[in-house]
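A.B. asks: Mind looking at a prediction? Sequence and model below.
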Amino acid sequence: MNKSTHFSGQPTYLQIVRMIPKSLVARCVSENQSDHGTKRFTTWTHLLTMIFSCLAHCDSLRELVTGMAAMGGKLNNADLRCLPARSTLSEANAKRDSQVFEAIFFALKEHFDAFFPDSRPGKENVYIIDSTTIKLFQEIFKGAGRSKSDGRRKGGLKVHMAVLENQVAPQIIHLTPAANNDGVFIPHLAFSEGSTVIMDMGYRSYKQFNQWTTDKVTWVTRLHPSTSFKVTQRNSITIKERKAGVGVDQLIVMGADAGKAQKVHCRLIKFKSPESKKTFSFITNDLKTAASVIAATYKKRWQIELLFKRLKQNMPLKYFLGDNQNAIKIQVWCALITDLLLHIITSQVKRKWAFSNVVKLVRLHLFNYLNLMAFLENPQRSIITTTAEEYQLSLKLSG
């Protein structure tokens with residue numbers, strides 16, 4: 001019998017959440033004891049509720065709980081103990097420690113990495129570190145900068161990330177109030193020998209620069225305008241390098257003029273971009289690589305900016321479902337989990353899709369019995385002969 005491959009035995013929402021191994025979540029729950037004293041609204045139910053919020057772009061608790069209630073029997077196979085009430089969800093967001101959702105995110109990432117050997121960390125890796133700020137009310141997280149003339153001042157949550165080159169999910173994440181300096185992320189970083197770290201000038205720590213050099217970790221960043229240094233050697237610049245945009249190539253000692261206890265021996269490269277005509281000053285402990293290659297290496301930092309842009313544009317991180325730090329952290333971690341699941345789906349499809357288009361498609365068909373994988377593979381093909389087994393969203397990843 002001919003059947004449309006656009007239809008499945010499960011709504012789109014269930015096809016996505018069934019990618020999550022329940023045993024993995026159960027292990028995280030056990031380790032964090034997040035279901036202690038809980039009878040109905042378990043961590044599993046909480047997780048699926050927050051993923052629904054991200055997929056449906058819910059802006060309020062009322063919108064979320066009524067949206068799930070409207071699905072009715074379509075959630076029967078999700079193994080939900082109960083559909084949340086507003087008070088129940090609000091209380092869970094405030095009291096259930098956000099660390100369990102952090103654990104679930106990294107466990108899921110590790111689980112999916114096992115099926116993609118190229119995504120596993122190796123000996124030589126390029127890490128990009130940076131942070132982005134999510135604006136909030138001052139009463140929740142302390143903001144940075146001066147108050148406005150009317151006395152009002154917004155707070156914010158700063159999300160620090162370390163991302164491996166060409167990977168969609170971050171390797172290291174740390175959440176702090178926006179008022180904190182980027183340097184608070186440095187103690188959370190650990191890189192293997194042979195790795196390369198690319199960062200903005202905000203991550204300025206002479207002690208860490210020297211430690212990475214000792215650990216044989218290459219670092220590349222921009223020179224902070226207030227940095228004092230002494231030139232110890234001027235390297236010759238080839239005609240090819242000058243044409244590429246290299247204007248200065250020197251060996252320097254940072255902190256020497258200021259008499260600081262920590263001094264950093266490194267390399268200063270001044271580079272003028274042929275495209276933008278802007279001049280950049282880069283510093284690095286790599287004393288051998290061509291200066292133009294160092295400049296090209298720093299350009300890879302744009303990857304993490306695209307990640308921040310993707311999260312803010314496609315996940316509901318403008319309106320929050322709680323007025324406390326724990327609730328906001330839970331929403332951020334669940335947004336990262338949802339982003340990861342959608343990227344795994346997109347990576348399994350041979351046809352190229354813009355991530356934003358996949359997010360919109362899922363939101364429009366969240367309640368519908370759409371065979372998501374079949375549709376993404378070939379939206380134009382509407383009728384083929386198929387079997388019931390072909391209707392399942394089976395990535396063979398949920399084990």
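C.D. replies: Thanks, I have the structure now.

A.B. asks: you'd agree Ala69 is up against Leu83?
C.D. replies: Yes: between Ala69 and Leu83 a contact is recorded at 5.7 Å, counting by C-beta atoms under 8 Å. Quick note: C-beta positions are derived from backbone N, CA and C, even for glycine.

A.B. asks: of those two, who's got more company?
C.D. replies: Leu83 (17 against 12; other C-beta atoms under 10 Å).

A.B. asks: Might you report the residue contacts of the more buried one?
C.D. replies: The contact partners of Leu83, by C-beta atoms under 8 Å, 6 or more residues apart in numbering, come to 65, 68-69, 75.

A.B. asks: three-state assignment of it?
C.D. replies: coil (DSSP: H, G, I helix; E, B strand; the rest coil).

A.B. asks: For Val220, see how far away it is.
C.D. replies: 50 Å (C-beta to C-beta, to the nearest Å).

A.B. asks: how about the helices of the stretch 201-350 of the chain, start to end?
C.D. replies: 206-214, 239-244, 291-298, 302-314, 325-348 (DSSP state H, counting those that start in this stretch).

A.B. asks: Low-confidence regions, the stretch 201-350 of the chain specifically.
C.D. replies: 256-260 (pLDDT under 70).

A.B. asks: ok, 50 please
C.D. replies: Counting by pLDDT under 50, not a single residue of the stretch 201-350 of the chain qualifies.

A.B. asks: nearest residue to Asn181 other than its sequence neighbours?
C.D. replies: If the residues on either side of it in the chain are set aside, Asn181 comes closest to Gly202, at 7.3 Å by C-beta to C-beta, 6 or more residues apart in numbering.

A.B. asks: Revised request: answer the last question for Ala327.
C.D. replies: Asn93 is the one closest to Ala327 (C-beta to C-beta, 6+ apart), at 3.7 Å.

A.B. asks: and the one you found, what does it touch?
C.D. replies: Taking C-beta under 8 Å, 6+ apart as the test, what Asn93 contacts is 321-322, 324, 326-327, 330-331.

A.B. asks: what about burial for the residues you listed, which qualify?
C.D. replies: The neighbour-count test (16 or more other C-beta atoms under 10 Å) applied to the contacts of Asn93 identifies 321-322, 326-327, 330-331 as buried.

A.B. asks: so can I have JSON lines of those showing distance to Lys263?
C.D. replies: JSON lines is the format used below for the buried ones among the contacts of Asn93 (distance: C-beta to C-beta, whole Å):
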{"residue": "Leu321", "distance to Lys263": "49"}
{"residue": "Gly322", "distance to Lys263": "47"}
{"residue": "Asn326", "distance to Lys263": "42"}
{"residue": "Ala327", "distance to Lys263": "45"}
{"residue": "Ile330", "distance to Lys263": "43"}
{"residue": "Gln331", "distance to Lys263": "44"}
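
A.B. asks: what bridges to the closest residue to Ile252 other than its chain neighbours?
C.D. replies: Setting aside the residues directly before and after it, Ile252 is nearest to Phe229 in space (C-beta to C-beta, 6+ apart), at 4.4 Å. When bridges are called by DSSP bridges, Phe229 pairs up with Met254.

A.B. asks: Any idea how many residues pack against Phe229?
C.D. replies: 19.

A.B. asks: Repeat that for the one 10 residues further on.
C.D. replies: As a burial measure, the neighbour count of Ile239 was computed by other C-beta under 10 Å and equals 7.

A.B. asks: Quickly note the distance from Lys158 to Leu48.
C.D. replies: Distance from Lys158 to Leu48, by C-beta to C-beta: 28 Å.

A.B. asks: do Ala244 as well
C.D. replies: With C-beta to C-beta as the criterion, Ala244 and Leu48 are 52 Å apart.

A.B. asks: cool, and Ala92?
C.D. replies: Taken as C-beta to C-beta, the span from Ala92 to Leu48 is 12 Å.

A.B. asks: again, but for Ser347
C.D. replies: 22 Å.

A.B. asks: what about these two, which has more around it?
C.D. replies: Leu48 (24 against 13).

A.B. asks: what residues are up against the more buried one?
C.D. replies: 17, 78, 80.

A.B. asks: Do you know the pLDDT at the second one?
C.D. replies: Meaning Ala78. Ala78 is assigned 73 on the pLDDT scale.

A.B. asks: Excluding chain neighbours, what is closest to Phe191?
C.D. replies: Val217 (4.9 Å).

A.B. asks: so who does the one you found touch?
C.D. replies: So Val217 contacts 191-197 (C-beta under 8 Å, 6+ apart).

A.B. asks: Apply 10 Å and report the result again.
C.D. replies: Listed by C-beta atoms under 10 Å, 6 or more residues apart in numbering, the contact set of Val217 reads 125, 127, 189-197, 208-209, 211, 285.

A.B. asks: and if you look at Ser60?
C.D. replies: Taking C-beta under 10 Å, 6+ apart, one finds 53, 66, 86, 319-321 in contact with Ser60.

A.B. asks: What count of nearby residues applies to the nearest residue to Gly255 once chain neighbours are set aside?
C.D. replies: Computed as C-beta to C-beta, 6+ apart, the closest residue to Gly255 that is not its neighbour in sequence is Lys263, at 4.5 Å. Neighbours of Lys263 under the rule other C-beta under 10 Å: 18.
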